[in-house]
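K.L.:
Have a look at this fold, sequence not included:
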């Protein structure tokens, strides 16, 4: 039986209460004193003995109430803590102020196969420097990787004031879930693909069938058509929808950085590398999806490494020797003609066939008819909300201009044009002059001069790079000016022969 004795606090009253209990030779399992309360767990206390005990306790000056309770407060807190730790799927350790393990949750005990209470954390995690580092930094550490029983885990330390710390160990995919949630769009699945045109409806129908098939998917389409939105929609509609979706633009990083971002690196792989190594997107997206944008820009070395991964799902980190195996679906995208690149030898034929198991083609904006107006209105509302101004409307006179323009930059260009118009327009109606779509080099060219859209885009790109290279005469300076990667600029300069020595 458990009882609660409430009293008016005065010097010596707790000792008097405990003396009465002791005189009756009761077997006490627990006594919790939180003045003005005493909680007592006495398994041998019977209802008849309780009545006699009450009489004795009420004779103590200051005792005001005696009640039976189902559990002591400390026992309740202990049960709640046990339930909380058991519910945590990630391994968790509580440390004292010296770095010794106070307790571990069931997930950690299952991982190491024993109860580690009392062990130094550095010995437990096979990282002798960890305990010293934790103590020297007041248990405040940036996220770092450790290896426990051959499994790479990310360690997060949360200091507890004057009491030690709580250490949580995450598999890399848990960080991937956080990153994926951070970049998550509000629209779910194919609802994010705005449009009602036959072209976009055909894409949605085909994509919904393909999304459920767990095989590599190649998405083709011009720049700015929304290939990543299609990839995200396919992921959301697949069996992997609850797992991470992580993306890498293959044209945005040099080869060495792209490799470490994608596959991670081992401890000491290079100067300046994070201590303990770092997982890449493949590990962080385990059981989920990795989206490789601009796959046509991937270097031959990375093409070979990606091909090996697609063959058996395994890879090695940069500078590492251990094989890492994950379960990831690859969705790739490109605006390039990969068949032509295969024929020219700049893209691996075997990799092309592995990526092109399933495929989708995203239509350019100029083929989507009235979707242009639907998207323009949506982007206008979005822009006004973003810049915190009253809602603007497109004047009727803008419709013909928007619908007749070729939109070489597709949906992304339309979004930028509408945002700029919302920003510069002084009234609540946006006119043709506010749209500023007639001032580009492409728009000024007569129709009979342009052989094809691809040729027109290349002419514009060549003209832009030629003019800017005169003021920024290096690939790095020009890349910084255009806010893109050194690799992408170097490729385009070689393509157009700009800056080449005679």
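P.N.:
Perfect, I can see it now. What you see is a predicted model, and the numbers here were worked out from it, not measured in a lab.

K.L.:
Report the outermost residue of this protein with respect to its centre.
P.N.:
Centroid-distance maximum for the chain: residue 59 at 64.9 Å, with Cα atoms, centre = their mean.

K.L.:
contacting residues around that one?
P.N.:
By Cβ atoms under 8 Å, 6 or more residues apart in numbering, residue 59 lies in contact with nothing. Any C-beta I mention is one placed from the backbone N, CA and C, and that applies to glycine too.

K.L.:
ditto for residue 422
P.N.:
380, 383-384, 387, 389, 392, 430.

K.L.:
Lowest mean pLDDT among the helices and strands of this structure, which one is it?
P.N.:
Using mean pLDDT, DSSP states H and E, helix 441-444 stands out as the lowest-scoring helix or strand of the chain, at a mean of 42.

K.L.:
now for the following helix or strand past that helix, which elements pack on it?
P.N.:
Going down the chain from helix 441-444, the next helix or strand is helix 453-471, by DSSP states H and E. Applying 3 or more Cβ pairs under 8 Å, 6 or more residues apart in numbering; DSSP states H and E, one finds that helix 453-471 contacts helix 441-444, helix 475-482, helix 486-496.

K.L.:
Nearest spatial neighbour of residue 57, chain-adjacent residues omitted?
P.N.:
residue 63 (5.2 Å; Cβ to Cβ, 6 or more residues apart in numbering).

K.L.:
where does the stretch 51-200 of the chain dip in pLDDT?
P.N.:
173-188 (pLDDT under 70).

K.L.:
got the residue ranges for the strands in it?
P.N.:
63-69, 92-95, 101-104, 144-148, 151-160, 164-170 (DSSP state E, counting those that start in this stretch).

K.L.:
would JSON lines of those with mean neighbour count and distance to residue 124 be doable?
P.N.:
Listed next are the strands of the stretch 51-200 of the chain as JSON lines, based on neighbours: other Cβ atoms under 10 Å; distance: least, Cβ to Cβ, whole Å:
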{"stretch": "strand 63-69", "mean neighbour count": "14", "distance to residue 124": "38"}
{"stretch": "strand 92-95", "mean neighbour count": "22", "distance to residue 124": "8"}
{"stretch": "strand 101-104", "mean neighbour count": "19", "distance to residue 124": "6"}
{"stretch": "strand 144-148", "mean neighbour count": "17", "distance to residue 124": "8"}
{"stretch": "strand 151-160", "mean neighbour count": "18", "distance to residue 124": "12"}
{"stretch": "strand 164-170", "mean neighbour count": "20", "distance to residue 124": "10"}
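
K.L.:
Ok, which of the ones you listed comes nearest residue 138?
P.N.:
Checking those against residue 138 by Cβ to Cβ gives strand 151-160 as the closest, at 5.9 Å.

K.L.:
Sheet partners, orientation included, of that closest one?
P.N.:
Looking at strand 151-160 with DSSP bridges, its partner strands are strand 144-148 (antiparallel), strand 164-170 (antiparallel).

K.L.:
returning to that earlier point: among the helices and strands packed on helix 453-471, which is nearest residue 223?
P.N.:
helix 486-496 (11.8 Å).

K.L.:
Go through the closest one and flag the buried ones.
P.N.:
Using 16 or more other Cβ atoms under 10 Å as the test for burial, helix 486-496 gives 486-490, 492-493, 496.

K.L.:
Check stretch 84-93 too.
P.N.:
85, 90-93.

K.L.:
Could you pull out the helices in the stretch 51-200 of the chain for me?
P.N.:
Per DSSP state H, counting those that start in this stretch, the stretch 51-200 of the chain carries helices over the ranges 73-87, 106-112, 121-124, 128-136, 172-182, 198-211.

K.L.:
Which stretch among these is buried most, on average?
P.N.:
helix 121-124 (a mean of 19; mean count of other Cβ atoms under 10 Å).

K.L.:
What are the contacting residues of that one?
P.N.:
Counting by Cβ under 8 Å, 6+ apart, 93, 95, 99-101, 112, 116, 128-132, 134, 167 sit against helix 121-124.

K.L.:
do stretch 293-309 as well
P.N.:
By Cβ under 8 Å, 6+ apart, stretch 293-309 touches 218, 227-228, 247-252, 255, 258-259, 262-263, 282, 292, 314-315, 330, 332-336, 338, 341, 347-348, 350-351, 354-355, 487-488, 491.

K.L.:
Can you select the buried ones among those residues for me in ChimeraX?
P.N.:
Filtering the contacts of stretch 293-309 down to the buried ones (16+ other Cβ under 10 Å) takes a single ChimeraX command:
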select :218,227,228,247,248,249,250,251,252,258,259,262,263,282,292,315,330,332,333,334,335,338,341,347,348,351,354,355,487,488
